[in-house]
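Peer 1: Whatever this is, show me its structure:
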Amino acid sequence: MQQQPTCTSLRVRSPQDAQIIFHAVALGVLPMVTRRLDTEERRSISSGCVFVWEERGPSPEATGLGIERWTDGKRWGPSRVRDEFLFYQEKDPEPVDIDPNSDSDTTIGSSPLVQPGANHEYVRSSLVKQTYSVFVETPMGRKKWHLIAYFTHDSLDYLRTVSDLPDLARIVVPPGNYRSARHNTSKNGRAQREERQVPFAPQYAPYPSPPRVQHSNDSPHYPGRAPPRDGQSLAPLTYLQNLAPPRRHPLDEEALMAFYPRLC
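Peer 2: From the prediction side, this is the model:
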């Protein structure tokens, strides 16, 4: 039996749209794709097809639910990031044979979906693949869900949105149910560690401060002197002058005495 997309003739405008589709799958309103697409299903991919699938973990359940990775049999260019989505442009779309005597429509609205070529062979418009991934808590534990949407630029304005479908427009997504996977992984694919900002607190050695006489123009917090800069306190000069000189190392003392015996 051929596996159907989660949605058809639909475009995903924002992460909020994607989360509505995810929640519709969780509620059973929309189906989830449970296995990799076969050859015929890959050929059926067209503008407006949306697929939701669950990534199979390292220890899948006995039921084998989930897909290890998504494959659609198409060649894609490098990814582009926009609004938490990844976008891929199709490279070298395959030609399509069209029967010139067929009465089937090849347009949506006034925008052609295929371009005429020689020998009744048409090259369809290049697809764009749009992906979005989230972590979701399920009765079977934490899972990673993916949304894959396909569209062409010339048909984008003719596709429906979740606002056009009553079953989706009425869905309210509980806050925090679907957390973007891009916020939980770093560039090398590993989970990011939460970094703590430790405030800088300089330490200063305490020293005894001699008593001072407060004058009328002194600051009440810094009597007899100007307030310190940046919260730092400086030792009084009289205190520093009365400090004992640092003691030399014994080897330094012996060397100094050899040159100056009168210092003994």
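Peer 1: partners of the one helix or strand Tyr132 maps to in the sheet?
Peer 2: Using DSSP states H and E, Tyr132 sits within strand 128-138. Paired strands of strand 128-138, with direction, are strand 85-89 (antiparallel), strand 141-151 (antiparallel), strand 178-180 (antiparallel) (DSSP bridges).
Peer 1: If you tally nearby residues, what's the number for Pro95?
Peer 2: Residues near Pro95, counting by other C-beta atoms under 10 Å, number 14. C-betas here are computed from N, CA, C, even on glycine.
Peer 1: Any idea what it is bridged to?
Peer 2: Here Pro95, judged by DSSP bridges, has bridge partners Val123.
Peer 1: For Tyr88, see how far away it is.
Peer 2: Using C-beta to C-beta, to the nearest Å, we find Pro95 at a distance of 21 Å from Tyr88.
Peer 1: With Ser180 instead?
Peer 2: 18 Å.
Peer 1: Name the residue in the two with the higher neighbour count.
Peer 2: Tyr88 (19 against 16).
Peer 1: Now do the same contact list for that one.
Peer 2: 76-80, 128-129, 131 (C-beta atoms under 8 Å, 6 or more residues apart in numbering).
Peer 1: any idea how far it is from Pro15?
Peer 2: Going from Tyr88 to Pro15 by C-beta to C-beta gives 18 Å.
Peer 1: ditto for Thr39
Peer 2: In this view, Thr39 and Pro15 are 32 Å apart by C-beta to C-beta.
Peer 1: higher neighbour count, the two?
Peer 2: Counting neighbours by other C-beta under 10 Å for Thr39 and for Pro15 shows that Pro15 has the greater number, 17 against 8.
Peer 1: And the pLDDT for the nearest residue in space to that one that is not next to it in sequence?
Peer 2: Nearest residue to Pro15 in three dimensions, chain neighbours excluded: Glu84, at 5.1 Å (C-beta to C-beta, 6 or more residues apart in numbering). Looking at Glu84, its pLDDT stands at 91.
Peer 1: Kindly report the same for Phe87.
Peer 2: On the pLDDT scale, Phe87 is placed at 97.
Peer 1: who touches it in this structure?
Peer 2: Applying C-beta under 8 Å, 6+ apart to Phe87 gives the contacts 79-81, 128-131.
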